[in-house]
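Novice: show me how the following folds:
(one chain, ligands or ions: 2)
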Amino acid sequence: MEKLIEKASVLMESLPYIQSFYGKTIVIKYGGNAMVDEVLKRNFALDIILMKYIGINPIIVHGGGPQIGETLKRMGKATEFVDGMRVTDRDTMSIVEMVLVGKVNKEIVGLINQNGGKAVGLSGRDGQLIRARKHYITKPGPADKRPEIIDIGMVGVVDAINPQVLDTLASGDFIPVIAPVGEGEDGRAYNINADFVAGSIAAALKASKMVLLTDIRGVQDGEGNLLTSLTLPKVDSFIADGTIHGGMIPKVEACRIALDGGVNKVHIIDGRMLHSVLLEIFTDTGIGTQIVAGSPQSG
Ligand SMILES: Nc1ncnc2c1ncn2[C@@H]1O[C@H](COP(=O)(O)OP(=O)(O)O)[C@@H](O)[C@H]1O
Ligand SMILES: CC(=O)N[C@@H](CCC(=O)OP(=O)(O)O)C(=O)O
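Specialist: Ligands and ions are numbered 1, 2, ... in the order given. Predicted coordinates:
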């Protein structure tokens, strides 16, 4: 009996959160490194279905970096990253699109639909959802020289988001699942880091929350301690001293884009933990790292 009462109190703990998120949009970025095994993937799908059934509007943006890497390796194609971005020549771009749109996207859509949800897969090229422009990396040159500009091929940054297609899907009770491929003015496909896509979509929709699922507990300090809350000025100093590096940089930058765009709350959490999305959204304690705007003084 006590166990049953315990169950009821767990449900009750979620009531204020269900009330406050009812009818609201939450953008969830599902990183390729968090798609570890079949049980995790199925439970991620179930979490999203539950959110939808209780009246939240979840929007999924997925990655697939490791999955792209595996396919490129099988095809004997080398891959290189500059500042966390995959150098993407024309051949690589068609493989990126094939893996993200044709494989990873369809797998997530399939899992949600098999378990009773209504998911629709999209790439940023569908319904002009993501307009991209070419991304160049700029490195400071020697004191008296101009900065060095590095061309990394068909890598894009988000130029504009057209949320019309997402609004249409939400009004039909569908769950949009978005692959991070955008289309340029030249009509070509561009490979965009999925964190940036999530941040830009959350900002365009003025989402109530954005949650980035990754393969680590959250942002850690130099000693490896989990930081439960972090301000943007502190993020800047952690990037400057190298505490935040590699794949964590696009995540915190995506949080900045979302916060600047009016998103209320942004979180980086461990997607390898079962039901991590639900724990973040529906419990008093939450998990992972919350990033807040903060003032330069507040650290
Ligand atoms: N300060 C930091 N705190 C936590 N992780 C960090 C930090 N700096 C760099 N990282 C790295 O960022 C990684 C997450 O980025 P990434 O592997 O690109 O994830 P995803 O595939 O989910 O997008 C972590 O596994 C970790 O190695
Ligand atoms: C430009 C760039 O690097 N794009 C990424 C897109 C996929 C992605 O972001 O996947 P994760 O979230 O799983 O890392 C890539 O090619 O790997």
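Novice: can you tell if stretch 76-86 touches ligand 1?
Specialist: No. Stretch 76-86 stays out of contact with ligand 1 when judged by CB under 6 Å from any ligand atom, the minimum separation being 6.6 Å. In short, each C-beta sits where N, CA and C put it, glycine included.
Novice: pull out the buried residues from that stretch.
Specialist: 79, 84, 85, 86 (16 or more other CB atoms under 10 Å).
Novice: let me see the mean pLDDT of that stretch.
Specialist: Mean pLDDT, stretch 76-86: 90.
Novice: so how far is that stretch from its chain's centroid?
Specialist: Relative to the centre of its chain, stretch 76-86 is centred 20 Å away, using CA atoms, centre = their mean, to the nearest Å.
Novice: how far away is residue 163 from residue 45?
Specialist: To residue 45, residue 163 is 23 Å away according to CB to CB, to the nearest Å.
Novice: and these two? which has more neighbours close in?
Specialist: Set residue 163 next to residue 45 and count neighbours by other CB atoms under 10 Å: residue 45 wins out with 26 against 17.
Novice: how about the more buried one, what does it touch?
Specialist: 108, 111, 112, 114, 115, 117 (CB atoms under 8 Å, 6 or more residues apart in numbering).
Novice: ok, of those residues, which come out buried?
Specialist: Buried residues within the contacts of residue 45, counting neighbours by 16+ other CB under 10 Å: 108, 111, 112, 117.
Novice: all helices of the stretch 51-200 of the chain, in order?
Specialist: Counting by DSSP state H, counting those that start in this stretch, the stretch 51-200 of the chain has helices at residues 65-74, 90-97, 105-114, 164-171, 194-205.
Novice: which parts of the fourth one are buried?
Specialist: This means helix 164-171. The neighbour-count check on helix 164-171 (16+ other CB under 10 Å) flags 165, 166, 169, 170 as buried.
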